[in-house]
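Enquirer: Structure, please.
(chains A, B, C and D)
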Number of protein chains: 2
Amino acid sequence: MSLDRRSGCPINLSLEVFGDRWSLIILRDMIFGGRRHFRELLNGSIEGIASNILADRLKRLMELGMLTKADDPSHKQKAIYSLTEMAITLVPILAHLGAWGRVWLPTSEELSIRAELLEKGGPPMWEKFMDELRHEHLGMPLDTASGPSVRATLQAAYQAVVAGKALGASPVA
Amino acid sequence: MSLDRRSGCPINLSLEVFGDRWSLIILRDMIFGGRRHFRELLNGSIEGIASNILADRLKRLMELGMLTKADDPSHKQKAIYSLTEMAITLVPILAHLGAWGRVWLPTSEELSIRAELLEKGGPPMWEKFMDELRHEHLGMPLDTASGPSVRATLQAAYQAVVAGKALGASPVA
DNA sequence: GCAACCGATTGCAAAATGCAATCAGATTGG
DNA sequence: CCAATCTGATTGCATTTTGCAATCGGTTGC
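Expert: Model (predicted):
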């Protein structure tokens, strides 16, 4: 990933940050999957990233200011990765990207239900989600008691679809 | 660019379409730069794509349904590439991407003025731009006489910044 | 102790990329 | 009519990136 031949074009510079196969997948798993540890990211995503690539991308995303790393106080060996504000503001882009992919690509129902919900929720839901991420990752106060978290809502919808599929597919009930 | 190990996740599938260094650059040059020919894309972009990579990506984007190719009637040798509706609907994503890059990355003023204008124009401007692209690339009728084209507006703003910079930088006037 | 787990690192084969040279056909200028 | 130029690519080759499995030293739970 050479950083020469850069141009000052915003789209080009954005592509230099996450215009590769894995960086955005990692950010997706941190943002929507709530994963904070190396192993969670390594084993958690369906796509199966290799450990050396994961280590390289985490390092790179830190150098770019998208992530920070800290010791997990509960476990001297664990490192906990946090999103920066720079990464959190990707939420609207990920929402648009998910909506686009849902329309034009052969997405699976259970994995696109979250994108659908996020699209229907629109900017207000994205803002709420970003505030929750700021709370989790940056320690910002969470203003009001505003019902269940966005991630919990998305996760519940996912579980419902999976359960429904299992029900429908099962011959015994 | 292996297409196995895919998951049905919308974000993952989107990344399989343009999660590489060049595909979105090509689309950017076609959408915002109005380039339709191989040579225009080869020499036109600041980033300097290699001809074999360009040929490969054009082929790939065609297979994915983002582009179509046709003979240029004015020149039996020229091929003219057109955006499909699938590609045109990327405009909001590119607008968001440009806005994000403008905030967080060291963009140059002359190359980010377009992103700024597109951000300020918001969804109405994006819709107008997409209609113009549908007219250019898909032959759809252009409803009303609605002033100068979005691309012309963006281009004029770019020229103004460049001229201003030249003026400011020039010692003789 | 000791097996399981932690975040990586290493070695190696395979694939993708960058780069320059080149291709055949079409067009243009003189 | 012919040479120079331009068209959209393709080829060969060196470099870089990736995928994959094995492994590392240290930590934890039991």
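Enquirer: surely residue A:49 meets residue A:43?
Expert: No: assessed by C-beta atoms under 8 Å, residue A:49 is found out of contact with residue A:43, at 9.6 Å. C-betas here are computed from N, CA, C, even on glycine.
Enquirer: Which strand or helix spans the spatially most central residue of chain A?
Expert: Residue closest to the average C-alpha location in chain A (C-alpha atoms, centre = their mean): residue A:28, at 2.2 Å. Using DSSP states H and E, the element containing residue A:28 is helix A:23-31.
Enquirer: Just after that helix, pick out the following helix or strand.
Expert: helix A:38-44.
Enquirer: Apart from its neighbours in sequence, what residue is nearest the residue nearest to the centre of chain A?
Expert: If you skip the residues right next to it in sequence, residue A:28 has residue B:11 as its closest partner in space, 5.2 Å away by C-beta to C-beta, 6 or more residues apart in numbering or on different chains.
Enquirer: just the angle between the helix or strand encompassing the one you found and helix A:10-18, please?
Expert: According to DSSP H and E, residue B:11 maps onto helix B:10-18. Interaxial angle of helix B:10-18 relative to helix A:10-18 (axes from the mean of the first three to the mean of the last three C-alpha atoms, to 10 degrees): 110 degrees.
Enquirer: and stretch A:147-157, which residues are buried?
Expert: A:149-151, A:153-155, A:157 (16 or more other C-beta atoms under 10 Å in any protein chain shown).
Enquirer: Take the residues you listed and lay them out in TSV including distance to residue A:98.
Expert: As requested, the buried residues of stretch A:147-157 are exported to TSV (distance: C-beta to C-beta, whole Å):
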residue	distance to residue A:98
A:149	18
A:150	14
A:151	14
A:153	15
A:154	11
A:155	15
A:157	13
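Enquirer: right, is the helix holding residue B:11 up against DNA strand D?
Expert: No: using C-beta under 7 Å from any atom of the strand, we find that helix B:10-18 stays clear of DNA strand D, coming within 11.0 Å at best.
Enquirer: cool, and stretch A:25-39?
Expert: No: using C-beta under 7 Å from any atom of the strand, stretch A:25-39 stays clear of DNA strand D, coming no nearer than 10.1 Å.
Enquirer: So for residue A:116, what's the nearest residue that isn't a sequence neighbour?
Expert: With sequence-adjacent residues excluded and distances taken as C-beta to C-beta, 6+ apart, residue A:116 is closest to residue A:102, at 6.3 Å.
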